[in-house]
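Chemist: build me a model:
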Amino acid sequence: NEVGVHLVAEHLHNLLRFSFAQQTMVYMHAHQLLTDGLDEQRRHDRGIHAAGQCQKHFFISHLSADQLDLVCNEVLHVPVGLRTAGIEYKFGQDGFPLRRIRGPRHAAFVARLQKRQAAANNHTATHLMHEALRKVLGAHVEQKGSLVTPEILRFDFSHFQKMTPQELREVEMLVNRAVRANYPFEENREATKEEAEKCGAMMLFGEKYGDKVRMVRFGSSVELCGGTHTSATGNIGFFKILNESAISAGVRRIEAVTGEQAEKVLYAAEDTMRNIAEYLNNPQVVQAVKKMLESNETLSKEVESMRREQVAQWADKIAASTPERHGMQLFATQTDRRPDFVKDLAYNLRQRSPRLVFVVGSVWDGKPTLTVMLGDEITACGVNAGAVVREAAKLMQGGGGGQAFFATAGGKNPDGLQAAIDKAVELIGAQVK
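Modeler: Model (predicted):
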């Protein structure tokens, strides 16, 4: 088998022009897979292996410019006949195999490999982002924590303020530029700390390193790291920042995605824009939204102008139809108008009458509100609108307060609103002489 694997590696070297290091990598992995992978398959078919001897055969099933498919068959000689367990291996230019087991465990095994690759891609993207942050924000940026999963990467770093949209865009552009450059994975497991420092390798502050350190390089990104990385930055595919936030004083956090997860983010954004365009019936979304906001602002001004005119008309009628009695120009009633309308009406009337006593109850969204406005001569008698509404609001299961001349109160029981109005008038009348 070792001779056969060596021939496969030599064949790759001739047809694919693999380097000697890549050829050796294929040899090592093929040998290990022939030994370990088939043992795993035999365990799955337990009972068969114990019945007889086995032979291993392999052959090339597909050969392209950057990939070799090596099929390895194990023929088990058992008393009842022959059984073949097939395992397929794919070797890429990086020399690492992508193994697929033909059988019931195939899908689960491939899924595990894909998750591991996605996590490796995200880990490498974290290194690239770290370097990009230092280029964009400055050398004060240091790693304060990180999380890498197959779905997302999270990076905590030192920085004194919120990043601007332009800074985030620059970081994305730098990382994706490194992704497109397809920098290969380079490592030095025998480097000393001094050698790493000379190479400009980024190190974690406070981390204790041994005599020998593992130095990982992707292009100009150099860090001391013991984690799993992708074989080349091109495997990352695409890098997209999701958000940036503060987690403590002087520490920021970035969450980002790569590859397939990044595609999902872009597709979701496209779907949102398409839905908005369809809703507005205009493919030029920005212009349509801008026009809609301008139209809304114009309509709001028109509505506000009409409301003020209506308030003034109401105030004219109330002032003309409310004579002064017992030293007060009293207006007490219930209305279905909005609380802000009632407030504007109260201020308008106060400008007209120094002896105004305005007590109005309104119900909006099922909640009662009591509004009390007093003229200057009424407050001069010692009447306090805040104290009045606090006492009266108890009758509608509420409370409130405000200034001496103006106060409001809310409640829970609309049925008690009229009783609250009557109580407020009673309290004010008792103090006016």
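
Chemist: select the longest helix from the protein.
Modeler: Ranked by residue count and defined by DSSP state H, the top helix of the chain is helix 285-321.

Chemist: give me the buried positions along that one.
Modeler: By 16 or more other C-beta atoms under 10 Å, the buried positions in helix 285-321 come out as 285, 288, 311, 314, 315, 318. Heads up, the C-betas are built off the backbone N, CA and C, glycines and all.

Chemist: and for stretch 247-266?
Modeler: Buried, per 16+ other C-beta under 10 Å, within stretch 247-266: 252, 253, 254, 256, 257, 258, 259, 261, 262.

Chemist: and the furthest pair within those residues?
Modeler: 252 and 259 (24.0 Å; C-beta to C-beta).

Chemist: helix, strand or coil: sort out residue 180 for me.
Modeler: Assigned by DSSP: H, G, I helix; E, B strand; the rest coil, the conformation of residue 180 is helix.

Chemist: do a quick rundown of the strands in the stretch 51-200 of the chain.
Modeler: 54-63, 67-78, 81-92, 97-101, 143-148, 153-158, 186-191 (DSSP state E, counting those that start in this stretch).

Chemist: gap between residue 174 and residue 180?
Modeler: Note on residue 174: its distance to residue 180, by C-beta to C-beta, to the nearest Å, is 11 Å.

Chemist: quick check, pLDDT for residue 351.
Modeler: On pLDDT, residue 351 comes in at 90.

Chemist: show the average pLDDT along stretch 140-153.
Modeler: 92.

Chemist: how about it: buried residues?
Modeler: Buried, per 16+ other C-beta under 10 Å, within stretch 140-153: 141, 142, 143, 144, 146, 148, 150, 153.

Chemist: just curious, which of these is nearest to residue 381?
Modeler: For the buried residues of stretch 140-153, the nearest to residue 381 is residue 144 (64.8 Å; C-beta to C-beta).

Chemist: wait, the closest one touches residue 154, no?
Modeler: No. Counting by C-beta atoms under 8 Å, residue 144 does not reach residue 154; the two are 11.1 Å apart.

Chemist: I'd like the buried residues of stretch 247-266 laid out as CSV, including distance to residue 230 and pLDDT.
Modeler: Below are the buried residues of stretch 247-266 laid out as CSV (distance: C-beta to C-beta, whole Å; pLDDT from 0 to 100):
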residue, distance to residue 230, pLDDT
252, 25, 95
253, 23, 96
254, 19, 96
256, 15, 96
257, 15, 96
258, 10, 95
259, 10, 93
261, 15, 94
262, 15, 95
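
Chemist: among those residues, which lie within helices?
Modeler: 259, 261, 262.

Chemist: from those residues, which is closest to residue 273?
Modeler: residue 262 (17.0 Å).

Chemist: the closest one: what's it in contact with?
Modeler: Residue 262 sits next to 237, 238, 239, 240 when contact means C-beta atoms under 8 Å, 6 or more residues apart in numbering.

Chemist: tell me the most packed of the residues you listed, by neighbour count.
Modeler: residue 239 (27 neighbours; other C-beta atoms under 10 Å).

Chemist: next up, phi/psi of that residue, please.
Modeler: phi -120, psi 130 (degrees, to the nearest 10).
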